[in-house]
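Undergrad: Fold the following for me, if possible:
(chains A, B and C)
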Amino acid sequence: MMWRVTIAALIVFACIAFRHVLERDPVTHILVQLPLLILSGALLVPPNTVLAYSWSKGGYALLIIAVTGIAFWMLPRSIDSALSSDLVEVAKFVSLPLFIGVPLKLGWASAHPILRGFLKAEALSMLGVMAFLYTHAPVRICNSYLVSDQERLGYGFLIVIFFVSLLWVTPLFAPRNAFRNSSARTSSVPA
Amino acid sequence: MLMSTPRNHANAVKLTMLLAGVVLILMMAFGLVMRAAQGGLFELDPAFFYRLMTAHGAGMVGVAALTGAAVLWYFVSRYVDLIEGVYWAFLGLFLLGVVLILGSIFVGGYGGAWTFLFPLPAISGGAWEASAAVAFILGYISIGVGFLLFYLEVGRKIVAAYGGIGRALAWPLAFGGAQPDDAPPPTIVAAMATTVFNTIGIVVGATVLVSSLVNLLVPGFAVDALLAKNMIYFFGHVFINASIYMAVIAVYEIVPEYTGKPWKTTRPFALAWTAILLFVMAVYPHHLLQDTVMPAWALVMGQIVSYLSGIPLLVVTAFALCVYLRGSNIRWDLASALLVLGVAGWSVGSAPAIIDGMISVNKLMHNTQWVPGHFHIYLILGEVAMAFGFMAWLVKDARASEFTGIDRLGLGIYLLGGTGFTLMFLISGALSVPRRWAVHAEEWFLQDRIATGFGALVVLGALIFVALYAKGLSARRES
Amino acid sequence: MKAFFASIAAAVFGATFLWNATDGLSALTTESARRIAVVRDNPYVPDVRLETMSGEMERLGVDRKRTVVAEFIYTSCPTICRTGGSYFARLRNQIVAEGLADQVRLISISFDPETDRRAELTQYGNIHDADGAIWTVARARATDLPRLLEAFGVVVISDGFGGFEHNTAMHIVSPDGRLRSVVDFDDVAGALREARKTLQ
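TA: From the prediction side, this is the model:
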């Protein structure tokens, strides 16, 4: 537990200490700093922690909270506000670990495999929407960043999609403990 | 040993097919009204024509996919244990989507065609409000979510049971030295392939749907029209093709009951399905051959893959079916006849499709009725015939004799109507009659009216099939 | 059952939160949020003095007789300010055509006072045929710039090539010195409509 908290603290500290460097470029701001902050929150939760409360059953409530947080930080105006308002910037460093990272990890642990698959597919679609809008928007989406930066960010999303889908799809070709298990029936031969 | 479908799954599928049968008749009736109006048999407000066209397009794609999915679920549940609740969630989300789509069209006035190409949903020239287009897109999203859940359940169970996507696609047999006896059954191979490509299609579809939604809510976020068209046709092509690739599972499972010869996964079969998996996704640029701004390589790829797409279909399913039928003393009845018709219609329909897939032809033909000609063959004489065949088979044991007079009558009417109706589209296309026109020139009235006559026969045939099915269902309930 | 209610509660909370965060799903960007806020709040603009291309000091803000349509530019801008200028010229022509010449004032305000001196402002005016009667080109004093840009919601950042990127729009300020609305830089009809509203 101790070392996970230490690493989480180190990540948050690094994100704050290097925030000017990271936030100068939207690619590092959105595709490096924000995910790191979420990761730091997830690190606070020990592996395989399943909350035993009845309200958290299935992980739905927790995951909805996390998705709300992600949706908020997907808004271009939230990113702009973080850069122009210190209050929002502080809220960013607090909310990403605590309101996204922690509930995401907790909810994921008790989520049904279909819910997990659904969230993965939706995540890819939403990354696709971001890539689509940022590479092709005829308007400036973030006042704080240049149009050329916004286009690079769009391609950054595409690269993320590529690697994330690789990460998620590869195991489907060689699932663990699943070779010909009991529920497989092979014959369709009529008698 | 014949495994039977668990009763709860079977009942859910039977209900689905009844709903689908009713929707099919309604959609066919919409089509009939449009053809009759084009033929000048009565006046139809063009705005209403385009609403009907949108409902007909979205409805037929939806119901084709629904029947395909029902076939898949029915037979896959023989091999792996599927969660029944997922199917009900799928059906519920599907129906919610239908309500939203019908509301957007007939209450909101949306008439931007099932392809919702940007910027038509957003810029209607006052024909409908953005809210109607939003409802239409939300309806698609609801249906897409339903299908996603469906495929996640089917996919994860097959992956777990057969040891991964590759094994479920029979790659050890296709590319390694494995024996056919160790390969998964044809149903599993087909279900795995459709699950993979349709899940990808849905993820891409969700991307473009949400982007369009953002554009409708916040018009400043303009969508790139060409990229959106690429994504929409990728999604649309994959989705409508998946319906027929799912429905063909009924042929693999049911025809052996009639011939007594099991349908086996062979090496060509495994190779063909892997080829289909790739071709279905790579061929979509043949819908964009008239978009001169597309990169040339994409269009050339579309044409080449169009040629190639026919091969796995014709060689493996159609040719194999001929081999299975040859020399077997098949018992003909409504189910077997419609299933064989489905494969035949599908094969025949690929001919005008491949012709239209040629860039030089497409430049002249794509906006003529040639194109609806080809996809109406795929549907009326292909996918929908398979769906009716599956329905007939579902209630087979409730009916007294093998191939009754009314069966033959329905089949004859449907076959005659379907052939004549689609032929009139092809002939009109060859005569350069444009597609998607609400009002036709008087010179085209003759073909339109002949087509209307044949179309009425199709509706009549479908009515007979659905009535026989409903009668069969109620007979089973009483017994 | 508790899990169901907790999920519903989370969903209601999430939807409300996002609804508020996007002004009812209508503003996803800072720019669109600003426009909504302007229409709602009609904020006073700072009463700064602008130096016009003819060398006069002109007040922006209270006690004007005319409605002001303002845009923010820098004269060495190679891209959007140029097209923006041509839309401003069209707007000027419309104003003349509709007999509003003595009721609406157009000002292109430079946010780059170091580079844009009178000569540059005049040259920019000449290119777009702004003669100072209805439409003038002016620069803000460096000391006034931050609060001026803040009030109009204009963000200027360096493009790394010696120029700037900035959000471009037409800002309609009523004679009492309040910002009434912000429309797209190419929305001539919209600017005219909004300007008319301030005259009634």
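
Undergrad: so, in contact with chain A or not, stretch C:151-166?
TA: Yes - counting by CB under 8 Å from any CB of the partner chain, chain A is contacted by stretch C:151-166 at C:Val155, C:Ile157, C:Asp159, C:Gly160, C:Glu165. To be clear about C-beta, it is placed using only N, CA and C from the backbone, and glycine gets the same treatment.

Undergrad: Is the second one located within a helix, as I assumed?
TA: Spelled out, that is C:Ile157. No - in this structure, C:Ile157 is strand, not part of a helix, as judged by DSSP: H, G, I helix; E, B strand; the rest coil.

Undergrad: Bridged to it, which residues?
TA: C:Glu165 (DSSP bridges).

Undergrad: what kind of secondary structure is the residue of chain A found nearest chain C in?
TA: At 3.3 Å from chain C, A:Thr68 is the closest residue in chain A, using CB to the nearest CB. Following three-state DSSP, A:Thr68 is assigned to helix.

Undergrad: In contact with the closest residue to it other than its chain neighbours, which residues?
TA: Take A:Thr68 and drop its neighbours on the chain: the residue closest to it by CB to CB, 6 or more residues apart in numbering or on different chains is C:Gly14, 3.3 Å away. C:Gly14 makes contacts with A:Ile64, A:Ile65, A:Val67, A:Thr68, A:Ala71, as judged by CB atoms under 8 Å, 6 or more residues apart in numbering or on different chains.

Undergrad: C:Gly14: which element?
TA: helix C:2-21 (DSSP states H and E).

Undergrad: what distance separates that helix from the centre of its chain?
TA: 37 Å (CA atoms, centre = their mean, to the nearest Å).

Undergrad: Buried residues of that helix, list them for me.
TA: Buried residues in helix C:2-21, counted by 16 or more other CB atoms under 10 Å in any protein chain shown: C:Ala3, C:Ala6, C:Ser7, C:Ala10, C:Ala11, C:Gly14, C:Leu18, C:Ala21.

Undergrad: tell me the average confidence for that helix?
TA: The pLDDT scores in helix C:2-21 average 92.

Undergrad: Tell me how many other residues surround the residue nearest to B:Asp448 when sequence neighbours are not counted.
TA: Nearest non-adjacent residue to B:Asp448, counting by CB to CB, 6+ apart: B:Gly39, 3.1 Å away. Neighbour count of B:Gly39, defined by other CB atoms under 10 Å in any protein chain shown: 20.

Undergrad: Which pLDDT does the model give the most centrally placed residue in chain C?
TA: Centroid-nearest residue in chain C, with CA atoms, centre = their mean: C:His171, separated by 3.3 Å. For C:His171, the pLDDT comes out at 92.

Undergrad: Validate this expectation: it resides in a helix.
TA: No - assigned with three-state DSSP, C:His171 falls outside any helix and is strand.

Undergrad: That one reaches C:Phe152, doesn't it?
TA: Yes - C:His171 is in contact with C:Phe152 according to CB atoms under 8 Å; the separation is 5.6 Å.

Undergrad: anything in contact with each of those two?
TA: Going by CB under 8 Å, 6+ apart, residues that sit against C:His171 and also against C:Phe152 are C:Ala70, C:Leu179.

Undergrad: near chain C, which residues of chain A?
TA: Counting by CB under 8 Å from any CB, the residues of chain A near chain C are A:53-58, A:60-62, A:64-65, A:67-68, A:71-72, A:75-78, A:80-81, A:84, A:139-147.

Undergrad: And the strands in chain A, which stretches?
TA: Secondary structure of chain A (DSSP state E): no strands located.

Undergrad: Which residue of chain B lies farthest from its centroid?
TA: B:Gly220 (35.4 Å).

Undergrad: helix, strand or coil for the residue in the stretch 351-479 of chain B that chain C sits nearest to?
TA: Chain C sits closest to B:Ala438 of the stretch 351-479 of chain B, with a gap of 31.8 Å, by CB to the nearest CB. Of the three states, B:Ala438 takes coil according to three-state DSSP.

Undergrad: How many residues are close by it?
TA: Neighbours of B:Ala438 (other CB under 10 Å): 17.

Undergrad: And for B:Leu19?
TA: Neighbour tally, B:Leu19, other CB under 10 Å: 17.

Undergrad: so what pLDDT did it get?
TA: 96.

Undergrad: re the thing from before, contacting residues for the residue farthest from the centre of chain B?
TA: B:Gly220 neighbours (CB under 8 Å, 6+ apart): A:Val139, C:Thr29, C:Glu31, C:Ser32.
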